[in-house]
Structure formats: C-alpha cells, structure tokens
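J.: mind folding the following:
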Amino acid sequence: STAAWPQAWPSKPVRILNPFPAGGGTDTFVRPYAIRMGQVMGQQFIVENQGGAGGTVGARNAARATGDGYTLFSGAVHHTIAESFYPNRGYVLEKDFAPITQLASVPNVIVVHPRHPFKTLSELVTYAKANPGTLNFGSAGPGTSHHLGGELFGNLTGTKLTHVPYQGAGPMMLGLVSGVVDMAFDGMGTSANQIKGGKLRPLAIAISKRSPVLPDVPTTAEDRKSTRLNSSH
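T.: Residues are numbered from 1 along each chain as shown. Got it, this is the predicted structure:
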C-alpha cells in the first residue's frame with residue numbers, strides 16, 4: 001500500500017455565500033475579503049449572493065452544503081435575531097456553523113432622504129409625533145436589525161413609523177435614495193458612501209462615541225434628552 005497525503009487547502013475555488021442581495025452592507029466587507037483571500041491563498045474566492053427572508057434562505061443553503069471547507073458563509077447580526085424571529089428557518093446557528101472570524105463591527109446610523117427638512121433627531125421626533133404613521137422606514141427584511149431598530153426607536157420615542165421591508169439592504173438603499181422610503185436605521189457599511197455623496201442626510205449614529213468615518217454626525221447619546229433615547233440602546 002502507499003501513503004495518502006492530505007491535499008493542501010484550497011485546491012479549488014472557494015465559495016463564500018452571502019445571504020443578502022448585492023450592494024448591501026455585507027457585500028461591502030465580504031467582497032474585499034474574498035479578493036484578498038484569493039491573493040494570499042492562490043485560489044479564487046467567489047462571493048455568491050442568495051437573498052431572502054432576512055438572510056435565512058442563504059443561511060439554510062449554506063448549512064446544507066457539504067462540510068468540506070469549500071463553502072464559507074458570511075453572516076450578520078440579523079442571523080442572531082433570526083434564531084427567535086424565524087422558527088422554521090431550517091438550521092440552528094450554533095449547531096450548523098463553525099465560526100472563523102469577525103470581519104467588521106458596524107454601527108447603525110439613522111438616515112433620512114434629503115427632501116425632508118429634519119436636521120436633528122429632535123426635529124424628526126417632533127414631526128413624527130405630530131404626524132403619526134406618515135413617515136416610513138425601510139429595512140433589509142422582517143426581523144433584521146434595520147427593522148428592529150426602527151421598532152425600538154418608535155417605542156422609545158412614542159412615535160409611530162410605517163415599516164417597509166425589502167429583500168436586503170442593497171434594494172432598500174435604492175428605495176431610500178430614490179425617495180420611495182423616508183428613512184432607515186441602516187448599517188454604516190451601506191450608508192456611508194451615500195451620506196458622503198449627499199444622497200442621504202445622517203441624523204445620528206447609534207454608538208457611544210462619534211465615528212471617525214463621519215465625525216460630524218452626533219451619536220444618539222448626545223441627543224438622548226430631547227429624543228428619550230439613551231446610550232445603552
């Protein structure tokens with residue numbers, strides 16, 4: 001008999017399954033990662049987008065893939081929420097996936113379409129209270145952090161906003177910059193370039209200290225007195 005030596009990994013292209021449509025926040029981080037991994041490892045790392053149901057369709061397909069190291073999964077905070085929001089998702093996050101690394105930690109930013117006059121959270125809350133249900137907010141789908149952020153904001157401020165779900169942050173962003181939706185509680189990975197390009201107006205970032213990416217944008221903690229938000233949220 002002859003000795004069988006293990007093959008070096010990767011010996012063929014590696015698929016990275018992104019469970020959201022192209023153009024969203026996850027794409028912002030996973031595509032540069034795929035390029036760099038290809039350069040370092042000498043094999044192609046191919047990003048495949050499979051959106052739907054708040055990221056659970058792609059997650060289910062990734063969980064069912066052969067566990068040979070050639071299918072990677074790029075998850076997001078939405079997937080920890082989905083554990084309780086989608087009872088029939090077809091996988092268990094802690095059981096069916098082995099964590100490798102964290103690519104990014106991204107705060108949410110409250111953004112509005114520039115046609116609105118709001119310059120601060122206080123102005124937004126004042127208008128929303130005077131006109132309940134008039135303003136809508138987009139999300140990447142039911143149960144995503146965008147959705148729950150909007151619902152939490154409404155509860156904390158005593159306002160009523162109408163939820164408009166999309167099949168991912170990329171499609172949601174198209175709706176936002178075109179004015180189909182009024183605002184969003186979006187991840188900075190999706191919104192930062194639109195803000196810098198003047199297509200969106202940021203009102204606040206949901207972190208305790210200002211971001212070096214958008215240093216002129218206040219935090220929700222800075223406006224907590226007038227909006228009834230606090231830094232723990």
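J.: could you use CA atoms for every contact and neighbour count after this?
T.: OK.
J.: can you give me the strands in this protein?
T.: For the chain, applying DSSP state E gives strands covering 14-18, 45-49, 71-73, 108-112, 136-139, 162-165, 183-187, 201-205.
J.: pretty sure residue 24 sits against residue 174.
T.: No - assessed by CA atoms under 8 Å, residue 24 is found out of contact with residue 174, at 10.2 Å.
J.: tell me which of those two has more neighbours.
T.: Ranked by neighbour count (other CA atoms under 10 Å), residue 24 and residue 174 place residue 24 first, with 21 against 13.
J.: quick check: the gap between the nearest residue to the more buried one once chain neighbours are set aside and residue 12.
T.: Among residues not flanking residue 24 along the chain, residue 170 sits closest, at 4.1 Å (CA to CA, 6 or more residues apart in numbering). Counting by CA to CA, to the nearest Å, the gap from residue 170 to residue 12 is 30 Å.
J.: how about residue 159?
T.: Computed with CA to CA, the distance linking residue 159 and residue 12 is 53 Å.
J.: so between those two, which is more surrounded?
T.: Neighbours per residue, other CA under 10 Å: of residue 159 and residue 12, the larger number sits with residue 159, 20 against 12.
J.: residues touching the more buried one, list them.
T.: Residue 159 sits next to 125, 128, 129, 132, 153 when contact means CA atoms under 8 Å, 6 or more residues apart in numbering.
J.: for it, give me the pLDDT.
T.: At residue 159, the pLDDT value in this model is 96.
J.: name the single longest helix found in this structure.
T.: helix 25-41 (DSSP state H).
J.: so which bits of that helix are buried?
T.: Neighbour counts over helix 25-41 (16 or more other CA atoms under 10 Å) mark 25, 26, 27, 30, 31, 33, 34, 38 as buried.
J.: again, but for stretch 105-121
T.: 108, 109, 110, 111, 112, 113, 114, 118, 120, 121.
J.: ok, stretch 69-88 next?
T.: 70, 71, 72, 73, 74, 75, 76, 78, 79, 82, 83.
J.: residues touching the closest residue to residue 53 other than its chain neighbours, list them.
T.: Using CA to CA, 6+ apart and skipping residues adjacent in sequence, the residue nearest residue 53 is residue 141, 6.6 Å away. By CA under 8 Å, 6+ apart, the contact set of residue 141 is 53, 54, 147, 165, 166, 167, 168.
J.: any chance of those residues in a markdown table, plus neighbour count?
T.: Listed next are the contacts of residue 141 as a markdown table, based on neighbours: other CA atoms under 10 Å:
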| residue | neighbour count |
| --- | --- |
| 53 | 21 |
| 54 | 29 |
| 147 | 24 |
| 165 | 20 |
| 166 | 19 |
| 167 | 18 |
| 168 | 28 |
